[in-house]
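1. The following comprises the amino acid sequence and a computationally predicted model.
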Amino acid sequence: MRYVMVGGSASAISAVEAIRSIDKDSSIDLFSDEATPLFSRVLLPYYIAEELSKPLLSFRSADFFEQNRVTPHLGVKVRSILANSKTIQTEDGKSYPYDKLLLATGGNPIIPPIRGIELQGIFPLKTMADAEKIYHFKAKRAVVIGAGSVGVESSISLKRRGMEVTLLEQLGQVLPTVFDEEAASVVQKRIEELGITTILGEKALQFEGNGQVKKVITESRVIECDMVIIAVGIRPAIELAQEAGIEIGSTGGIKVNPEMMTSIADIYASGDVAETYDITRDSPWVNAIWPCAVEQGRIAGLNMAGKRVLYEGSFRRNSIGNFIGIPAISMGLIRAETCSTCEGGEAFQEIKKRTKETYKKLILKNGRLVGVILVGPTQKAGLYQILLKKKMVVTDYIPLLMSHRLNFMDLLPLIRRYADRFTKTEYKEIMDTGL
Amino acid sequence: MVDKNKCTGCHQCELWCGTEIASVSKELYQAIHETPQPVPRVFVEGKNFALQCRHCEEAPCLEACPNGTMRRDPETGLVYVYEPTCIACWMCVMACPFGIITPSSTLKVAIKCDRCRNMGYPICAEVCPTQAIRLEERKDYRTKAF
């Protein structure tokens, strides 16, 4: 068996580990267009902030490829997939045959067509090379466009490097895909306390400068700067798949079945590029987050190695860690009323509790937990995750779920009702509590 | 292994874990005055059940950790936090189905039970007065319905 992986980040590495848990001998070739292997993409803002040095960005040890007998092809771009002859061609003109192929190509940062976008000093933050450029670029004032996770974390990292930072977001709140207005306002307050200027509801219309960017122009103001970070989102990197005739889903990712196989046999896809069934939305979605990339990579790898395992589905999960400075966790849907991709006629319910320091919101759909936002105490967040993942109807447990006394043992009777939804291994863990 | 019928909910395990494992002074009287406050890794939950990390075979915390800070000891299979690299992102906290990982914002590390991997025998089992907490090899529960 010859395995070929396109991509070298979380999902591909997880797939390699899954394959090696079954198949110790077959060859694995891994192609990545990035020269630096095994670094954790989500930690790049920590690198820019000088909080982590380069070696500490790695999520696997340096001898990972050796240990797992993987032939890495780093800095090598795959040009095309020839599905009929089961080979891939790289940009340096070589071809490599495969028996099982994984596309874990991730996403490309969206570069909006704003006038002046080609000026120097305007960067996306996606690759190690991007991070290096930003790190070494000499600037005093920076504008970050887009207040998603990458935008917010980039702002903080530049602030820590002593820059004057403006965060510009065209929607009316920060972290619009993570929090509702109420939770976002808490996070925004914190960002502003750190000394970052946030401007909401305004769009960048033009960049100006003589060679290097010096001004960002919006509808109502001119912001002077020496550097701009573009963080308006990522799009699945589907070019290779599209060209090979692989089916693309309605939300723009590569369509996969529960075995993580694409529309072409023996070609699999996982991670930020894959469109999977979203448990909380009940519809296909691209959940471009680290834990999904790892679990999908594992499922893809196991199936590639011949063990049939089905993916339960993905759902959004975000944690605002210590980097921003307030513990906040959000998963699934954000609000009931704007769930545009959900079918009509569903009974949605929101339950909220707000104190001065904390905020908690549950979103229920026909009694089923489909969304949770926690600001403040987050230790028990994992318990909500299991309820969400296993599609449990929680209506008679709401007082406990809203209480600060929530704990696993009190929730166990509910979990027991859904025992049949757990896999053998998961189920064993619960049984191993001695019950 | 924790025996629900033997656990009286006396919280001895929490107290000892908090003093012996978590505190700096290792003396109860001083430990309670320490800042940051020592965090026990075991929780007496519900009416009476001492819950600590299950060291899951398919551990969601390991999958969620973005930089390999959550590790599994290849020899013992125990899952532990390699504190020097923890960046306090709380992805593991979000993933733990038992809710036993404590996000310590003062220490900036995720705190969880490592079943006293450097001490030979877990302190919670050692001090449990009714021996509700015992260290045993896993039996096969797999087929029994719960």
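-> Right, received. Where do you want to start? All figures in this text were calculated on a predicted structure; none of them were measured in a lab.
2. As a check, name the ranges of all helices in the chain.
-> Unless you meant another one, I'm taking chain A. A:10-20, A:44-48, A:64-67, A:128-136, A:149-160, A:181-193, A:239-243, A:290-304, A:381-389, A:398-402, A:408-417, A:424-431 (DSSP state H).
3. wrong chain, I was asking about chain B
-> B:12-16, B:28-31, B:60-64, B:91-95, B:123-127.
4. Any idea which of these has the lowest pLDDT on average?
-> In terms of mean pLDDT, the lowest-scoring of those is helix B:28-31 (a mean of 84).
5. And that one, how far out from the chain middle?
-> Relative to its parent chain, helix B:28-31 has a centroid offset of 20 Å by CA atoms, centre = their mean, to the nearest Å.
6. Identify each buried residue in that helix, please.
-> By neighbour count on 16 or more other CB atoms under 10 Å in any protein chain shown, the buried set for helix B:28-31 is B:A31. For the C-beta atoms, the positions are set from N, CA and C on the backbone; glycine is no exception.
7. buried stuff in stretch A:31-43?
-> A:F31, A:S32, A:D33, A:E34, A:T36, A:P37, A:L38, A:F39, A:S40, A:R41, A:V42, A:L43.
8. Does A:L57 touch A:P37 like I think?
-> No. Using CB atoms under 8 Å, A:L57 is not in contact with A:P37; the gap is 11.0 Å.
9. what's the nearest residue to A:V394 once chain neighbours are set aside in contact with, if anything?
-> Nearest-residue entry for A:V394: A:L369, 4.9 Å, with adjacent residues in sequence omitted and distances by CB to CB, 6 or more residues apart in numbering or on different chains. Contacts for A:L369 (CB atoms under 8 Å, 6 or more residues apart in numbering or on different chains) come out as A:G332, A:L362, A:I363, A:Y384, A:L387, A:L388, A:M392, A:V394, A:L401.
10. now the end-to-end length of stretch A:70-81.
-> 20 Å (CA to CA, to the nearest Å).
11. Name the residues that touch it?
-> A:6, A:8, A:16, A:27-37, A:64-65, A:87-92, A:101, A:240-241, A:243-244, A:267.
12. try stretch A:208-219
-> By CB under 8 Å, 6+ apart, stretch A:208-219 touches A:116, A:119-122, A:143, A:145, A:166, A:168, A:199, A:202-207, A:222-228.
13. Tell me how many other residues surround residue 14.
-> Answering for chain A, as no chain was given. Neighbour count of A:S14, defined by other CB atoms under 10 Å in any protein chain shown: 25.
14. that's the wrong chain, I meant chain B
-> Using other CB under 10 Å, B:E14 has 19 neighbouring residues.
15. Just give the closest residue to it, not the sequence neighbours.
-> B:P40 (4.4 Å).
16. Same check on B:V42?
-> Nearest one to B:V42, counting by CB to CB, 6+ apart, is B:Q52 at 4.2 Å.
17. remind me which residues of the stretch 251-400 of chain A are low pLDDT?
-> A:337-345 (pLDDT under 70).
18. tell me the contacts of A:S9?
-> A:S32, A:R41, A:A104, A:G106, A:G271, A:A293.
19. at 7 Å what do you get?
-> Contact partners of A:S9, counting by CB atoms under 7 Å, 6 or more residues apart in numbering or on different chains, are A:R41, A:A104, A:G106.
20. Report the residue ranges of every domain in the chain.
-> Since no chain was named, I'll use chain A. Segmentation of chain A into domains, based on automatic domain parsing, reads A:2-108+A:235-304, A:122-232, A:327-431.
21. Chain B, not that one
-> B:1-52+B:117-136, B:56-112.
22. Pipe the contacts of A:S9 into a markdown table and attach distance to B:I101 and pLDDT per row.
-> Shown next, in a markdown table, are these (distance: CB to CB, whole Å; pLDDT from 0 to 100):
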| residue | distance to B:I101 | pLDDT |
| --- | --- | --- |
| A:R41 | 23 | 93 |
| A:A104 | 28 | 98 |
| A:G106 | 28 | 96 |
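23. Chain B: which of the residues you listed is nearest?
-> Lowest distance from chain B to the contacts of A:S9 (CB to the nearest CB) belongs to A:R41, with 8.3 Å.
24. what's the nearest residue to that closest one if we skip its chain neighbours?
-> Per CB to CB, 6+ apart, closest to A:R41 is A:S9, 6.0 Å.
25. distance of that neighbour from A:Y46?
-> A:S9 sits 16 Å away from A:Y46, going by CB to CB, to the nearest Å.
26. what's the answer for A:G121, then?
-> In terms of CB to CB, A:G121 sits 22 Å off from A:Y46.
27. of those two, who's got more company?
-> A:Y46 (24 against 21).
28. Now do the same contact list for the more buried one.
-> Counted by CB under 7 Å, 6+ apart, A:Y46 has contacts A:L52, A:F323, B:I87.
29. Go through the buried residues of stretch A:31-43 and flag which are in strands.
-> A:F31, A:S32 (DSSP state E).
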